[in-house]
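Student: Provide a 3D model corresponding to the input given below.
(chains A and B)
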Amino acid sequence: MKRFFIFMVLMLFFFAPLTAFADGPVKVTAKVDGLSCPFCAYGIEKKIKKIKGVEEIRVDIKNGSITVKYRDEKFFDRIRLNKAIRDAGFTPGRIMVPKKTK
Amino acid sequence: MFSYLRFIHAARILFSVLLFFSAVPALGAPITFNTALPVAKHEGIVRIQSKYMRSTGDPTVRGRELSVLAVPLVLVYGVTARLTLFGSITYLDKELRFNSAGASLRRGDAGLGDSTFMTRYTLYQRDSPGQTIRVAPFVAVKAPTGESKEADRFGRLAQPLQLGSGSWDYIVGSIFTWQTLKWQVDASASYRFNTAANGFRSGDEVSLDLSYQYRLLPRRLNSGLPVFVYAVLESNLIYNDKNRAGSVEDINSGGATWFLSPGLQYVTRRMVLDAAVQVPVVQDLNGSALEKDYVGILSFRFNF
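Tutor: Numbering: from 1, shown residues only, chains lettered A, B, ... in the order given. This is a model prediction of the structure:
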């Protein structure tokens, strides 16, 4: 039991600094104006999936919004997200960064 | 022996058909013409369409019957969010049946036809939550990639029976689109300048198109990206000027046709399936041209 306790303390000692640099995943919700058909909306999915660090994107056509999950908060870049929306042919609106997720 | 003059007459009939099938490739929401909706930058769409047109009911003793199958393949590429390129090539299978000296004869050809290259620019864009209004002018050129000097056992096929026109033709126009979550309206006006080739010049063409799409399913929107089913009603008014063979104007060519086209559209995030039947409501054609019975359209679009 004592050995196990020492092992755990050592593990924490070595790996804690590494995890300190990562902020963890984050979900960002952005309003998108002009979004009104599923076929066109796929263009947004394609553009945003190409952003580094994006794990998942979900389009909500009813609310005219997208939710983007980044692998880590450090990958989230407001300007880049807006550019991806514009490149898909739509107009970016308000961006909300409500919470971190695990 | 089948005379060349009779083929000239067949040419009158067929030319308006060919013009119809070689129109600017339709992409986007309307079934029979184009839209101003966006294609994402550096992304692409492919569309394959199948159109079948039939004309019967010839009042003359020749009992002409015409059928044309056209399968255009259209590739679309977004250069920027506003600038889009289209390229299309069409497979054609044309057949004209008629009676001559008591015998039933058949002429026609099948293979790849001419190609059309088009560029469209979104000049005006007004986006708001759940809707968009756009205006996009376009220019297109039709290149003579199809065979235009084919012959059969009767001799050289009349120019409109060829797979290609042999001419470089130019199209200019503009599209208006207003799309909401519940419905969509598209309107398009275009003018086609045709040039001469092989001693033949088809009349210029004016097209005025209107499309209304109404979402049938889902009746109520939920979150996410559901499948949409639209009921579609389109109107196509096409006016063709008279053709010219050499310097002689063909008084039995050209005229106006107005189609009404009911259809259905199944839209997912990756693909669109649609079907429509174009019914000629008014056909005010010059001279003795054969009128159209109907045009059936099936198409498939894929986001890649």
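
Student: what's the spacing between B:T145 and A:Y42?
Tutor: The spacing between B:T145 and A:Y42, counted by CB to CB, to the nearest Å, is 31 Å. The C-beta positions use only the backbone N, C-alpha and C, and glycine is treated the same way.

Student: cool, B:V277 as well?
Tutor: Distance from B:V277 to A:Y42, by CB to CB: 28 Å.

Student: For stretch B:148-165, the averaged confidence score.
Tutor: Per-residue pLDDT over stretch B:148-165 has a mean of 86.

Student: residues in the stretch 201-304 of chain B within reach of chain A, list them.
Tutor: With the criterion set to CB under 8 Å from any CB of the partner chain, the stretch 201-304 of chain B comes near chain A through B:221-228, B:267-272, B:301, B:303.

Student: and those residues, which are buried?
Tutor: B:L221, B:L225, B:P226, B:F228, B:V267, B:R269, B:M271, B:V272, B:R301, B:N303 (16 or more other CB atoms under 10 Å in any protein chain shown).

Student: about what we covered before: looking only at neighbour counts, state which of B:V277 and A:Y42 leads.
Tutor: Under the neighbour definition other CB atoms under 10 Å in any protein chain shown, B:V277 and A:Y42 were set side by side, and A:Y42 has more, 22 against 14.

Student: wait, the more buried one sits on B:V272?
Tutor: No: at 10.5 Å, A:Y42 does not count as touching B:V272 under the criterion of CB atoms under 8 Å.

Student: so what's whichever residue of chain A sits closest to chain B closest to, chain neighbours aside?
Tutor: Nearest to chain B in chain A, going by CB to the nearest CB, is A:G89, at a distance of 2.5 Å. Distances taken as CB to CB, 6 or more residues apart in numbering or on different chains place B:P38 nearest to A:G89, at 2.5 Å, with adjacent residues excluded.

Student: Hmm, that neighbour is touching A:A41, no?
Tutor: No: look at B:P38 against A:A41 with CB under 8 Å: they stay out of range, at 10.6 Å.

Student: Tell me which stretches of chain A form strands.
Tutor: A:26-33, A:54-60, A:65-70, A:91-100 (DSSP state E).

Student: What residues does the closest residue to B:I89 other than its chain neighbours make contact with?
Tutor: Using CB to CB, 6+ apart and skipping residues adjacent in sequence, the residue nearest B:I89 is B:S115, 4.8 Å away. Going by CB atoms under 8 Å, 6 or more residues apart in numbering or on different chains, B:S115 touches B:G87, B:S88, B:I89, B:T90, B:K142, B:A143, B:T145.

Student: From the residues you listed, pick the one nearest B:V295.
Tutor: Checking these against B:V295 by CB to CB gives B:T90 as the nearest, at 14.3 Å.

Student: got the contact list for the closest one?
Tutor: Counted by CB under 8 Å, 6+ apart, B:T90 has contacts B:F21, B:S22, B:A70, B:V71, B:P72, B:L73, B:L112, B:G113, B:D114, B:S115.
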